[in-house]
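J.: next input, structure requested:
(one chain, ligands or ions: 2)
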Amino acid sequence: MCAVTLGIETSCDETSVALVGRDGTVYSNLIASQIERHQPFGGVVPEIASREHLEQIMPLLFRALESAACDLSSVESVAVTNGPGLIGAVLVGVAAAQGLSYGLSVPLVPVNHLEGHIVSSYLNREGPATPFPERFLALVVSGGHSSLYDVTIRGGRRHIQMLNRTRDDAAGEVFDKVAKVIGLPYPGGPHIDRLAAEGDRERFRFPVAQFKDDSADFSFSGLKASAIRVARESAVAAGGDEQQLRDFCAGFQAAVVDQILDRLSRLWETGTIRVSELALAGGVAANGELRQRLAAWGEQRNVVVRLAERRYCTDNAAMIAFAGLHKDPVDATRVKASSRLVL
Ligand code: KG4
Ligand code: ZN
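T.: Ligands and ions are numbered 1, 2, ... in the order given. I've put the predicted structure just below:
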(Lines give C-alpha, C1' and ligand atoms only; values in the text may rest on other atoms or scores of the structure.)
(Ligands and ions follow the chains in the order given, each with its own letter.)
Protein backbone atom coordinates (compact mmCIF):
# COMPACT_ATOMS: atom_id res chain seq x y z
CA MET A 1 0.00 0.00 0.00
CA CYS A 2 1.44 3.36 -0.96
CA ALA A 3 1.72 6.31 1.43
CA VAL A 4 0.93 9.45 -0.50
CA THR A 5 0.22 13.14 -0.26
CA LEU A 6 -2.96 14.06 -2.05
CA GLY A 7 -2.55 17.29 -4.02
CA ILE A 8 -5.47 19.47 -5.10
CA GLU A 9 -5.21 22.35 -7.55
CA THR A 10 -8.17 24.48 -8.63
CA SER A 11 -6.78 28.00 -8.87
CA CYS A 12 -7.73 28.73 -12.48
CA ASP A 13 -9.24 26.68 -15.28
CA GLU A 14 -7.73 23.27 -14.61
CA THR A 15 -9.05 20.92 -11.95
CA SER A 16 -6.23 18.67 -10.90
CA VAL A 17 -5.74 15.92 -8.35
CA ALA A 18 -2.43 14.12 -7.78
CA LEU A 19 -0.96 11.46 -5.55
CA VAL A 20 2.71 11.92 -4.76
CA GLY A 21 4.96 9.74 -2.62
CA ARG A 22 7.34 10.98 0.08
CA ASP A 23 10.27 10.84 -2.35
CA GLY A 24 8.40 12.93 -4.94
CA THR A 25 7.34 9.99 -7.11
CA VAL A 26 4.19 11.01 -8.97
CA TYR A 27 1.79 8.05 -8.80
CA SER A 28 -0.97 9.91 -10.53
CA ASN A 29 -1.56 13.43 -11.75
CA LEU A 30 -4.93 13.92 -13.39
CA ILE A 31 -5.98 17.18 -14.98
CA ALA A 32 -9.48 18.02 -16.14
CA SER A 33 -9.04 20.96 -18.45
CA GLN A 34 -11.95 23.37 -18.83
CA ILE A 35 -10.50 25.01 -21.92
CA GLU A 36 -13.43 24.03 -24.13
CA ARG A 37 -15.89 25.63 -21.72
CA HIS A 38 -14.05 28.95 -21.75
CA GLN A 39 -12.99 29.00 -25.40
CA PRO A 40 -16.18 30.67 -26.71
CA PHE A 41 -15.43 33.63 -24.42
CA GLY A 42 -11.75 33.95 -25.40
CA GLY A 43 -10.63 33.74 -21.78
CA VAL A 44 -11.49 32.24 -18.40
CA VAL A 45 -14.96 33.03 -17.01
CA PRO A 46 -14.56 32.78 -13.21
CA GLU A 47 -18.10 31.66 -12.47
CA ILE A 48 -17.92 28.83 -15.01
CA ALA A 49 -14.52 27.81 -13.61
CA SER A 50 -15.86 27.42 -10.05
CA ARG A 51 -18.84 25.35 -11.14
CA GLU A 52 -16.68 23.08 -13.26
CA HIS A 53 -14.24 22.50 -10.40
CA LEU A 54 -17.14 21.53 -8.17
CA GLU A 55 -18.37 18.97 -10.70
CA GLN A 56 -14.94 17.54 -11.51
CA ILE A 57 -13.12 17.34 -8.24
CA MET A 58 -14.56 14.24 -6.56
CA PRO A 59 -14.75 12.05 -9.70
CA LEU A 60 -11.17 13.08 -10.45
CA LEU A 61 -10.06 12.08 -6.96
CA PHE A 62 -11.51 8.60 -7.33
CA ARG A 63 -9.97 8.19 -10.78
CA ALA A 64 -6.60 9.30 -9.40
CA LEU A 65 -6.80 6.71 -6.62
CA GLU A 66 -7.75 4.05 -9.11
CA SER A 67 -4.95 4.84 -11.54
CA ALA A 68 -2.40 4.78 -8.71
CA ALA A 69 -3.91 1.56 -7.32
CA CYS A 70 -4.35 3.26 -3.95
CA ASP A 71 -7.33 3.92 -1.77
CA LEU A 72 -8.14 6.72 0.63
CA SER A 73 -6.37 4.91 3.48
CA SER A 74 -3.07 5.53 1.60
CA VAL A 75 -3.45 9.30 1.92
CA GLU A 76 -1.26 10.56 4.74
CA SER A 77 -1.69 14.30 4.11
CA VAL A 78 -3.59 16.68 1.86
CA ALA A 79 -1.91 19.65 0.13
CA VAL A 80 -4.06 22.27 -1.53
CA THR A 81 -3.53 25.48 -3.47
CA ASN A 82 -4.97 28.23 -1.28
CA GLY A 83 -4.05 31.06 -3.66
CA PRO A 84 -3.33 33.14 -5.61
CA GLY A 85 -6.02 32.55 -8.21
CA LEU A 86 -9.68 33.06 -8.96
CA ILE A 87 -11.21 33.19 -5.52
CA GLY A 88 -14.31 31.11 -6.29
CA ALA A 89 -12.13 28.49 -7.95
CA VAL A 90 -9.59 28.34 -5.11
CA LEU A 91 -12.44 28.04 -2.60
CA VAL A 92 -13.70 24.84 -4.22
CA GLY A 93 -10.30 23.16 -3.80
CA VAL A 94 -9.81 24.42 -0.25
CA ALA A 95 -13.28 23.30 0.85
CA ALA A 96 -12.74 19.85 -0.66
CA ALA A 97 -9.31 19.58 0.98
CA GLN A 98 -10.67 20.62 4.37
CA GLY A 99 -13.41 18.02 4.13
CA LEU A 100 -10.96 15.29 3.13
CA SER A 101 -8.46 16.23 5.81
CA TYR A 102 -11.19 16.16 8.45
CA GLY A 103 -12.83 13.01 7.15
CA LEU A 104 -9.56 11.07 6.83
CA SER A 105 -7.99 12.57 9.98
CA VAL A 106 -4.86 13.60 8.09
CA PRO A 107 -2.98 16.92 8.16
CA LEU A 108 -3.78 19.72 5.72
CA VAL A 109 -1.01 21.75 4.10
CA PRO A 110 -1.89 24.99 2.28
CA VAL A 111 0.41 25.68 -0.68
CA ASN A 112 0.98 28.91 -2.56
CA HIS A 113 0.38 28.14 -6.24
CA LEU A 114 3.66 29.86 -7.15
CA GLU A 115 5.64 27.68 -4.78
CA GLY A 116 4.17 24.72 -6.64
CA HIS A 117 5.52 26.07 -9.94
CA ILE A 118 8.89 26.87 -8.30
CA VAL A 119 9.47 23.25 -7.25
CA SER A 120 7.89 21.65 -10.34
CA SER A 121 11.16 21.49 -12.31
CA TYR A 122 12.45 18.89 -9.84
CA LEU A 123 9.64 16.43 -10.51
CA ASN A 124 10.42 13.62 -12.90
CA ARG A 125 8.18 11.83 -15.33
CA GLU A 126 8.90 8.60 -13.50
CA GLY A 127 10.49 7.77 -10.18
CA PRO A 128 11.61 10.00 -7.34
CA ALA A 129 12.10 13.74 -7.68
CA THR A 130 15.56 15.17 -8.34
CA PRO A 131 17.06 16.36 -5.03
CA PHE A 132 17.08 20.14 -4.56
CA PRO A 133 20.44 21.92 -4.50
CA GLU A 134 21.12 24.26 -1.55
CA ARG A 135 20.32 27.21 -3.76
CA PHE A 136 18.67 27.71 -7.13
CA LEU A 137 16.91 30.36 -9.14
CA ALA A 138 13.38 29.74 -10.31
CA LEU A 139 11.93 31.56 -13.28
CA VAL A 140 8.16 31.22 -13.26
CA VAL A 141 6.45 32.38 -16.43
CA SER A 142 2.74 31.63 -16.62
CA GLY A 143 -0.61 33.11 -17.53
CA GLY A 144 -0.77 35.09 -14.30
CA HIS A 145 2.87 35.57 -13.24
CA SER A 146 6.33 36.32 -14.55
CA SER A 147 8.93 36.41 -11.79
CA LEU A 148 12.37 35.26 -10.87
CA TYR A 149 12.95 33.82 -7.40
CA ASP A 150 16.07 33.11 -5.38
CA VAL A 151 15.45 29.87 -3.50
CA THR A 152 17.66 28.64 -0.68
CA ILE A 153 17.16 25.48 1.33
CA ARG A 154 18.39 25.54 4.92
CA GLY A 155 17.62 22.89 7.49
CA GLY A 156 15.12 21.29 5.15
CA ARG A 157 13.17 24.58 4.88
CA ARG A 158 12.72 26.56 1.69
CA HIS A 159 13.32 30.29 1.73
CA ILE A 160 12.08 32.14 -1.30
CA GLN A 161 12.96 35.68 -2.27
CA MET A 162 11.49 37.41 -5.31
CA LEU A 163 14.16 39.08 -7.46
CA ASN A 164 11.95 40.61 -10.10
CA ARG A 165 8.38 40.51 -11.35
CA THR A 166 6.31 41.89 -14.15
CA ARG A 167 5.12 45.44 -13.65
CA ASP A 168 2.13 44.87 -15.90
CA ASP A 169 1.04 41.81 -17.91
CA ALA A 170 2.37 38.29 -17.43
CA ALA A 171 4.11 36.60 -20.37
CA GLY A 172 1.35 34.01 -20.88
CA GLU A 173 -1.35 36.66 -20.70
CA VAL A 174 0.33 38.51 -23.56
CA PHE A 175 0.63 35.31 -25.61
CA ASP A 176 -3.10 34.76 -25.08
CA LYS A 177 -4.17 38.33 -25.86
CA VAL A 178 -2.09 38.64 -29.01
CA ALA A 179 -3.29 35.20 -30.13
CA LYS A 180 -6.90 36.27 -29.67
CA VAL A 181 -6.41 39.33 -31.90
CA ILE A 182 -4.99 37.18 -34.71
CA GLY A 183 -7.85 34.71 -34.40
CA LEU A 184 -6.14 31.79 -32.63
CA PRO A 185 -8.07 29.75 -30.04
CA TYR A 186 -7.65 30.23 -26.29
CA PRO A 187 -5.14 29.65 -24.77
CA GLY A 188 -3.00 31.09 -27.52
CA GLY A 189 0.49 30.28 -26.22
CA PRO A 190 0.77 26.75 -27.62
CA HIS A 191 -0.65 27.87 -31.00
CA ILE A 192 1.83 30.72 -31.32
CA ASP A 193 4.61 28.32 -30.32
CA ARG A 194 3.62 25.87 -33.07
CA LEU A 195 3.28 28.53 -35.79
CA ALA A 196 6.46 30.37 -34.77
CA ALA A 197 8.50 27.20 -35.30
CA GLU A 198 8.01 27.65 -39.05
CA GLY A 199 8.24 31.42 -39.16
CA ASP A 200 10.93 33.99 -39.92
CA ARG A 201 11.54 36.12 -36.85
CA GLU A 202 13.23 38.86 -38.89
CA ARG A 203 10.10 39.94 -40.75
CA PHE A 204 8.36 41.48 -37.72
CA ARG A 205 10.77 42.79 -35.13
CA PHE A 206 9.81 44.10 -31.70
CA PRO A 207 12.26 45.88 -29.38
CA VAL A 208 12.97 44.81 -25.78
CA ALA A 209 11.29 47.15 -23.28
CA GLN A 210 13.64 48.93 -20.88
CA PHE A 211 12.89 50.95 -17.77
CA LYS A 212 14.40 54.39 -17.24
CA ASP A 213 15.51 53.33 -13.75
CA ASP A 214 17.40 50.34 -15.23
CA SER A 215 15.21 47.91 -13.30
CA ALA A 216 15.35 44.21 -14.17
CA ASP A 217 11.56 43.89 -13.80
CA PHE A 218 9.61 42.52 -16.73
CA SER A 219 7.13 44.57 -18.73
CA PHE A 220 5.14 42.95 -21.49
CA SER A 221 2.27 45.39 -22.02
CA GLY A 222 4.23 47.59 -24.49
CA LEU A 223 5.05 44.52 -26.56
CA LYS A 224 1.41 43.45 -26.42
CA ALA A 225 0.22 46.86 -27.64
CA SER A 226 2.73 47.08 -30.49
CA ALA A 227 2.12 43.47 -31.56
CA ILE A 228 -1.63 44.09 -31.66
CA ARG A 229 -1.12 47.31 -33.64
CA VAL A 230 1.19 45.62 -36.16
CA ALA A 231 -1.19 42.65 -36.48
CA ARG A 232 -4.06 44.98 -37.29
CA GLU A 233 -2.06 47.18 -39.69
CA SER A 234 -0.71 44.18 -41.59
CA ALA A 235 -3.99 42.23 -41.36
CA VAL A 236 -2.27 39.25 -39.74
CA ALA A 237 -4.96 36.64 -39.13
CA ALA A 238 -5.53 32.90 -38.84
CA GLY A 239 -7.14 31.77 -42.07
CA GLY A 240 -5.38 34.55 -44.03
CA ASP A 241 -1.80 34.63 -45.33
CA GLU A 242 -0.35 31.60 -43.51
CA GLN A 243 3.32 32.48 -43.97
CA GLN A 244 2.71 36.00 -42.73
CA LEU A 245 0.96 34.53 -39.67
CA ARG A 246 3.91 32.23 -38.95
CA ASP A 247 6.42 35.08 -39.38
CA PHE A 248 4.42 37.33 -37.08
CA CYS A 249 4.24 34.62 -34.40
CA ALA A 250 7.99 34.02 -34.73
CA GLY A 251 8.77 37.73 -34.32
CA PHE A 252 6.43 38.17 -31.37
CA GLN A 253 7.60 35.02 -29.56
CA ALA A 254 11.27 35.91 -30.09
CA ALA A 255 10.59 39.30 -28.49
CA VAL A 256 9.13 37.66 -25.35
CA VAL A 257 12.16 35.38 -25.07
CA ASP A 258 14.55 38.27 -25.84
CA GLN A 259 13.19 40.18 -22.88
CA ILE A 260 13.41 37.22 -20.51
CA LEU A 261 17.05 36.59 -21.49
CA ASP A 262 17.85 40.32 -21.34
CA ARG A 263 16.72 40.46 -17.69
CA LEU A 264 18.55 37.28 -16.76
CA SER A 265 21.75 38.49 -18.43
CA ARG A 266 21.51 41.81 -16.65
CA LEU A 267 21.10 40.17 -13.23
CA TRP A 268 23.91 37.79 -14.09
CA GLU A 269 26.29 40.57 -15.12
CA THR A 270 25.61 42.59 -11.97
CA GLY A 271 26.40 39.48 -9.92
CA THR A 272 22.90 39.27 -8.40
CA ILE A 273 22.30 35.74 -9.63
CA ARG A 274 25.63 33.93 -9.64
CA VAL A 275 24.08 30.56 -8.94
CA SER A 276 24.79 27.16 -10.42
CA GLU A 277 21.21 26.11 -11.08
CA LEU A 278 18.22 27.75 -12.77
CA ALA A 279 14.76 26.17 -12.87
CA LEU A 280 12.23 27.13 -15.54
CA ALA A 281 8.55 26.57 -14.75
CA GLY A 282 5.00 27.78 -15.41
CA GLY A 283 2.77 27.42 -18.48
CA VAL A 284 5.06 29.47 -20.75
CA ALA A 285 7.96 27.19 -19.77
CA ALA A 286 6.42 24.72 -22.25
CA ASN A 287 7.48 27.09 -25.03
CA GLY A 288 9.98 25.49 -27.39
CA GLU A 289 12.02 28.60 -28.15
CA LEU A 290 12.23 29.64 -24.50
CA ARG A 291 13.41 26.17 -23.48
CA GLN A 292 16.02 26.03 -26.20
CA ARG A 293 17.43 29.53 -25.74
CA LEU A 294 17.43 29.33 -21.95
CA ALA A 295 19.29 26.03 -22.06
CA ALA A 296 21.90 27.66 -24.33
CA TRP A 297 22.09 30.68 -21.98
CA GLY A 298 22.85 28.34 -19.09
CA GLU A 299 25.40 26.33 -21.04
CA GLN A 300 27.38 29.47 -21.87
CA ARG A 301 27.58 30.36 -18.18
CA ASN A 302 27.99 26.91 -16.68
CA VAL A 303 24.55 27.06 -15.10
CA VAL A 304 22.49 23.86 -14.93
CA VAL A 305 19.10 24.70 -16.43
CA ARG A 306 16.26 22.51 -15.16
CA LEU A 307 13.38 22.69 -17.57
CA ALA A 308 10.15 21.51 -15.96
CA GLU A 309 8.76 18.47 -17.77
CA ARG A 310 6.07 19.80 -20.13
CA ARG A 311 3.35 17.93 -18.21
CA TYR A 312 4.32 19.85 -15.05
CA CYS A 313 4.55 23.29 -16.73
CA THR A 314 0.88 24.14 -16.90
CA ASP A 315 -1.20 23.98 -13.74
CA ASN A 316 -1.21 20.58 -12.08
CA ALA A 317 -1.69 19.10 -8.64
CA ALA A 318 1.54 17.04 -8.64
CA MET A 319 3.55 20.22 -8.08
CA ILE A 320 1.21 21.24 -5.25
CA ALA A 321 1.50 17.89 -3.48
CA PHE A 322 5.28 17.96 -3.99
CA ALA A 323 5.56 21.49 -2.56
CA GLY A 324 3.39 20.37 0.36
CA LEU A 325 5.80 17.56 1.24
CA HIS A 326 8.33 20.04 2.57
CA LYS A 327 5.95 22.24 4.53
CA ASP A 328 4.31 22.06 7.93
CA PRO A 329 0.60 21.31 8.18
CA VAL A 330 -1.67 23.89 9.78
CA ASP A 331 -4.97 23.83 11.64
CA ALA A 332 -7.30 22.72 8.84
CA THR A 333 -10.13 24.95 10.01
CA ARG A 334 -7.90 28.00 9.62
CA VAL A 335 -6.82 27.53 6.01
CA LYS A 336 -8.07 30.50 4.05
CA ALA A 337 -8.45 30.81 0.31
CA SER A 338 -6.95 34.03 -0.97
CA SER A 339 -6.95 35.47 -4.49
CA ARG A 340 -3.84 37.55 -3.85
CA LEU A 341 -1.58 35.38 -1.80
CA VAL A 342 2.06 36.54 -1.94
CA LEU A 343 5.18 34.48 -1.40
O1 KG4 B 1 0.82 27.94 -15.46
P2 KG4 B 1 -0.43 28.03 -16.26
O3 KG4 B 1 -1.13 26.75 -16.63
O4 KG4 B 1 -1.50 28.90 -15.53
C5 KG4 B 1 -1.21 29.97 -14.71
O6 KG4 B 1 -0.87 29.74 -13.53
O7 KG4 B 1 -1.28 31.09 -15.23
O8 KG4 B 1 -0.06 28.85 -17.58
C9 KG4 B 1 -0.98 29.03 -18.62
C10 KG4 B 1 -0.34 29.92 -19.65
C11 KG4 B 1 -1.29 30.39 -20.75
O12 KG4 B 1 -1.16 31.78 -20.87
C13 KG4 B 1 -0.78 29.66 -21.98
O14 KG4 B 1 -1.00 30.36 -23.20
C15 KG4 B 1 0.69 29.56 -21.69
O16 KG4 B 1 0.75 29.25 -20.31
N17 KG4 B 1 1.34 28.51 -22.47
C18 KG4 B 1 2.30 28.74 -23.42
C19 KG4 B 1 2.64 27.49 -23.97
N20 KG4 B 1 1.89 26.52 -23.34
C21 KG4 B 1 1.11 27.18 -22.43
N22 KG4 B 1 2.86 29.88 -23.81
C23 KG4 B 1 3.79 29.80 -24.79
N24 KG4 B 1 4.17 28.65 -25.39
C25 KG4 B 1 3.62 27.47 -25.00
N26 KG4 B 1 3.99 26.33 -25.58
ZN1 ZN C 1 0.01 28.37 -12.69
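
J.: may I see the buried residues of the single longest helix found in the chain?
T.: Determined from DSSP state H, the single longest helix within the chain is helix 242-269. Buried residues in helix 242-269, counted by 16 or more other C-beta atoms under 10 Å: 244-261, 263-264, 266-268. (C-beta placed from N, C-alpha, C; glycine too.)

J.: quick one, what contacts Leu86?
T.: Neighbouring residues of Leu86 by C-beta atoms under 8 Å, 6 or more residues apart in numbering: Ser11, Cys12, Val44, Pro46, Ala49, Ser50, Ser339.

J.: now do the longest helix of the chain: which elements does it pack against?
T.: strand 135-141, strand 146-154, strand 157-164, helix 171-181, helix 189-196, helix 221-233, helix 288-301 (3 or more C-beta pairs under 8 Å, 6 or more residues apart in numbering; DSSP states H and E).

J.: make sure Glu76 is actually in contact with Val20.
T.: No. The criterion here is C-beta atoms under 8 Å, and Glu76 misses it with Val20 at 10.8 Å.

J.: anything in contact with each of these two?
T.: Residues touching both Glu76 and Val20 by C-beta under 8 Å, 6+ apart: Val4, Thr5.

J.: who's more crowded, those two?
T.: Val20 (29 against 15; other C-beta atoms under 10 Å).

J.: which residue is the nearest non-sequential neighbour of the closest residue to ligand 2 within the stretch 201-343 of the chain?
T.: Going by C-beta to the ion, ligand 2 is nearest to Asp315 of the stretch 201-343 of the chain, at 4.4 Å. Spatial nearest neighbour of Asp315, chain neighbours left out: Glu14 (4.5 Å); criterion: C-beta to C-beta, 6 or more residues apart in numbering.

J.: state the distance from the one you found to ligand 2.
T.: 9 Å (C-beta to the ion, to the nearest Å).

J.: tell me the pLDDT of His326.
T.: In this model, His326 is scored at 82, pLDDT.

J.: ok, it to Ser11 distance?
T.: Look at His326 and Ser11: by C-beta to C-beta, to the nearest Å, they are 20 Å apart.

J.: also Ser74?
T.: Taken as C-beta to C-beta, the span from Ser74 to Ser11 is 25 Å.

J.: who touches the residue nearest to Asp315 in this structure?
T.: By C-beta under 8 Å, 6+ apart, the neighbours of Glu14 are Ile31, Ala32, Ser33, Gln34, Thr314, Asp315, Asn316.

J.: now these as TSV including neighbour count and secondary structure?
T.: Converted to TSV, the contacts of Glu14 look like this (neighbours: other C-beta atoms under 10 Å; DSSP: H, G, I helix; E, B strand; the rest coil):
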residue	neighbour count	secondary structure
Ile31	18	strand
Ala32	18	strand
Ser33	16	strand
Gln34	21	coil
Thr314	26	coil
Asp315	28	coil
Asn316	27	coil
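
J.: those: which two are farthest apart?
T.: Among the contacts of Glu14, the pair separated by the greatest distance (C-beta to C-beta) is Gln34 and Asn316, at 14.0 Å.

J.: which parts of the stretch 151-300 of the chain sit against ligand 1?
T.: 172, 175-176, 187-190, 193, 282-284, 286-287 (C-beta under 6 Å from any ligand atom).

J.: just give the nearest non-adjacent residue to Ser338, would you?
T.: Nearest residue to Ser338 in three dimensions, chain neighbours excluded: Gly83, at 3.8 Å (C-beta to C-beta, 6+ apart).

J.: partners of the one you found in the sheet?
T.: Taking DSSP bridges, one obtains Asn112 as the residues bridged to Gly83.

J.: got the residues of the chain near ligand 2?
T.: Residues of the chain lying close to ligand 2 (C-beta under 5 Å from the ion) are Ser142, Asp315.

J.: and the angle for whichever helix or strand comes after the longest helix of the chain with helix 288-301?
T.: Using DSSP states H and E, the helix or strand that follows helix 242-269 in sequence is strand 277-281. Angle of strand 277-281 versus helix 288-301, following axes from the mean of the first three to the mean of the last three C-alpha atoms, to 10 degrees, is 180 degrees.

J.: let's verify Tyr122: helix, strand, or coil?
T.: Following DSSP: H, G, I helix; E, B strand; the rest coil, we place Tyr122 in the coil state.

J.: alright, that wraps it up for me.
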